[in-house]
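J.: would you be able to build a 3D model of this:
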Amino acid sequence: MKRYSKKELLQIIQNYSRDLKRTPMMRDITHNKNFPSINRFLKSFGTWNNLLKKAGLEINYINKYSEVELIRILKQVFKQLGRTPKIQDFLENKNLPSPKTYFIHFKKWNNALKIAGLKVNVRKDFTERELLDLLRKKAKKLRRSPKMDDMNSDKNMPSAATYQAYFGSFNKALTVAGLKIKYQFRKWNKEEIIFHLRQKYDELGEPPGIRDFDKDPKTPSKGIVRKLYGNWTNALREADIPVKRFKSKEELITLLRKLAKQFNRIPTIVDLRNNKDIHSTVPFVKHFGNYTKACLMAGLVPNDGRNNNIWKAWQKHCEDMARVLYREIKVQEKEIIKGIPDIYIPNEKLFIDAKTCGYKDFKDQIKKYAIKKHRIEFWLVFKGIETKSKRVKYIYAEELAKKMKGLGEEDLAAKCYQFIKNVYSDDQTTFISRI
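T.: I've put the predicted structure just below:
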């Protein structure tokens, strides 16, 4: 275990203060594994406040509040809020004394307000005994232990926050009242919150907002996220999720045009997934109905895999590769099955459909061709949507290039790479050195 001198510990706390742009709190050190343990600081300086004084930092923690100090803080919060402070205000702010401290000194919250010369809140003030009696009364009426929602929805009852303030938690209040605890609230850690943020990001295709978490019972509450990270934006940054959300059609259209210019083609689903700003087609579906409509609105013609020179060249290239692999093939014959398959391999009972990318799920082709022990393979240049099935396989240009190279077909392999780079033309038959 490394030993730290007092000078080194002071240097650590001063540097950390500059990084935080405020005086560090004890919990900041406790939660940071890169620092010496909190006990190391306390052992060297006796108390946290002594450490802060030696480091020349503003004291942010008062272990024992005097009644004068508590009243001063109440008045200060009143000025900040522009109204009489509530118990909930002090519960939600870790920089303020806990409401329980006020109860210890003044017995009731309203007593403290009166001494501070502040207007007493309308809600009735309760003693600990009254709170327990009311909790038992509510349990008797419900024939079960009350939940927090039961208390919050009953105007004649103290709020759940009042019980949290007096007893530390609502469950502790139930225990003191001799009532059964039905729900043990889960304790979330930062790693779990990061996991759910990223999962929701993948699901939505855009940075998740507070409402997205509120709607999902499986995710931690916004209060938990704020408690551990300070605010929602900090949590997103910790999860490496962009803070900006695409709110308008104009922003999405601008992004599509930018990506199309970058790739010299329509962006595929995989292109979007690999893009840190958008991550999926979900925002396009949300605003335009589907991805194809979004492309059209951006002035881009979605590649339907048929009516363009690139597809025709890829179709011809796939025929040449199929002949190398299987020798006997049938091209666009009508009598094999209902419809016109691009390529059919009789000996393998295999249909091959040439596409530049998986721009949709191809369910119609799968239903049509993958029947009666037949299989279908989609030979594609770029990755896109894949429909999983035992009789369906997706083979991409890079894999086909390796197969051709392994069979000594260097020209066919070179053309695959040219398609991948989107530089293929009918006049080119040799490998391009810059690829």
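J.: out of the helices and strands in this structure, which is least certain?
T.: helix 26-30 (a mean of 71; mean pLDDT, DSSP states H and E).
J.: tell me the pLDDT of residue 96.
T.: Looking at residue 96, its pLDDT is 83.
J.: that one: what's it in contact with?
T.: Listed by C-beta atoms under 8 Å, 6 or more residues apart in numbering, the contact partners of residue 96 are 73, 77, 89-90. Heads up, the C-betas are built off the backbone N, CA and C, glycines and all.
J.: how does it look with 6 Å?
T.: Residue 96 makes contact with residue 90 under the criterion C-beta atoms under 6 Å, 6 or more residues apart in numbering.
J.: so residue 268 sits against residue 357, correct?
T.: Yes. Counting by C-beta atoms under 6 Å, residue 268 does reach residue 357; the two are 4.8 Å apart.
J.: report the separation between the two terminal residues of stretch 355-373.
T.: One end of stretch 355-373 sits 23 Å from the other (C-alpha to C-alpha, to the nearest Å).
J.: sorry, wrong one. I was asking about stretch 77-93.
T.: Using C-alpha to C-alpha, the two ends of stretch 77-93 sit 11 Å apart.
J.: quick one: distance of it to the chain centre.
T.: Offset of stretch 77-93 from its chain centre (C-alpha atoms, centre = their mean, to the nearest Å): 31 Å.
J.: ok, stretch 49-65 next?
T.: Taking mean C-alpha positions (C-alpha atoms, centre = their mean), stretch 49-65 and its chain are 37 Å apart.
J.: can you mark which positions in that stretch are buried?
T.: Buried positions in stretch 49-65, judged by neighbour count with 16 or more other C-beta atoms under 10 Å: 51-52, 54-55, 57, 65.
J.: ok, so of those residues, who is nearest residue 378?
T.: residue 57 (64.0 Å; C-beta to C-beta).
J.: quick one, phi/psi of the closest residue to that closest one other than its chain neighbours?
T.: Ranked by C-beta to C-beta, 6 or more residues apart in numbering and with sequence neighbours excluded, the top spatial neighbour of residue 57 is residue 23, at 4.7 Å. Per-residue torsions, residue 23: phi -70, psi 130 (degrees, to the nearest 10).
J.: for residue 23, report the pLDDT, please.
T.: Value listed for residue 23 in the pLDDT field: 86.
J.: how much space separates it from residue 129?
T.: Counting by C-beta to C-beta, to the nearest Å, the separation of residue 23 from residue 129 is 39 Å.
J.: the more surrounded of these two?
T.: residue 23 (16 against 8; other C-beta atoms under 10 Å).
J.: okay, now the domains of this structure?
T.: What automatic domain parsing lists as the domains of the chain is 6-54, 67-115, 128-176, 190-238, 249-297, 309-420.
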